[in-house]
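[1] Based on what follows, work out the 3D shape:
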Amino acid sequence: MNPLKGFGHGGGVHQMRSKHLLLFCISTLLIAEANRVDAQAVKGRADEEVATAAATLKLPAPVRDYVVGPEDILNVNVWKEPEISRTLPVSPDGKISLPLVGELMASGHTATQLQNEIKERLLTYFSDPEVNVSLQEAKSHKFNIVGEVEKPGFYLMTGPLTVLDAIAIAGGLRDFAKVGKIYVLRPNADGTHTRLPFNYKRVIKGSDLRQNVELQPRDTIVVP
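    Okay, here's the model as predicted:
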């Protein structure tokens, strides 16, 4: 009887078990990698949906004149009067000052209202002054977005923005965002807050675009 026969058979079993274990480990790694790739693909599609929806579902909103606030930058142009025309910031106390016009409160007024006020004051010096006031840069209007987005934080509102726009600006939703439970907290004058629901899936499908509200300064978007 060959004394090594049994030993060789045991070695073969051991090698077979090792191969099975190696194949199991490789299979596990391949499955994990496939899941990771799938998760990245899903996230990529979600981010693409946000960007596409922000571009395609943005319906024409009613024109709302921007209300000027402290630190906003304004362009004031008086036709044929370069000494009066200028670009200037709104002071921290909400005022601007112009030659011949003097100091006036800008904060809380629209560009059109400021335009009319400046024109009224210039009538003392000119028969029919042509005045144009426009916003060059918005610095007073900010919104906040918190929770499961890529880049939460405060952002300046440089123009009209919807909830979908804000999510895109914040880099899109994270993988585990509860897309049906997003909401906007809007401060009221009495210190309370109004809660406005936003169902991401319904909005991007176009079934409830009313939830894609236009943001107001100091709104907070919560993404659970």
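[2] Can you pull out the residues in contact with the helix or strand where residue 114 lies?
    Using DSSP states H and E, residue 114 falls within helix 111-122. The contact list for helix 111-122 (Cβ atoms under 8 Å, 6 or more residues apart in numbering) reads 65-66, 68, 74, 76, 78, 84, 96, 98, 100-102, 104, 106, 109, 129, 131-135. Yep, even glycine has a C-beta here, placed from its N, CA and C like the rest.
[3] now stretch 203-222
    By Cβ under 8 Å, 6+ apart, stretch 203-222 touches 49-50, 53, 57, 59, 61, 64, 69, 140-147, 157, 160-167, 182-187, 196-199, 202.
[4] Among the residues you listed, name the buried ones.
    Applying 16 or more other Cβ atoms under 10 Å to the contacts of stretch 203-222, the neighbour count classes 49-50, 53, 69, 140-145, 147, 157, 161-167, 182-184, 186, 196, 198-199, 202 as buried.
[5] Now do the same for the nearest residue to residue 136 once chain neighbours are set aside: its pLDDT.
    Setting aside the residues directly before and after it, residue 136 is nearest to residue 73 in space (Cβ to Cβ, 6 or more residues apart in numbering), at 4.3 Å. As predicted, residue 73 sits at a pLDDT of 94.
[6] Could you do residue 181 as well?
    97.
[7] count of residues packed around the closest residue to it other than its chain neighbours?
    Nearest residue to residue 181 in three dimensions, chain neighbours excluded: residue 224, at 4.9 Å (Cβ to Cβ, 6+ apart). By other Cβ atoms under 10 Å, 13 other residues sit near residue 224.
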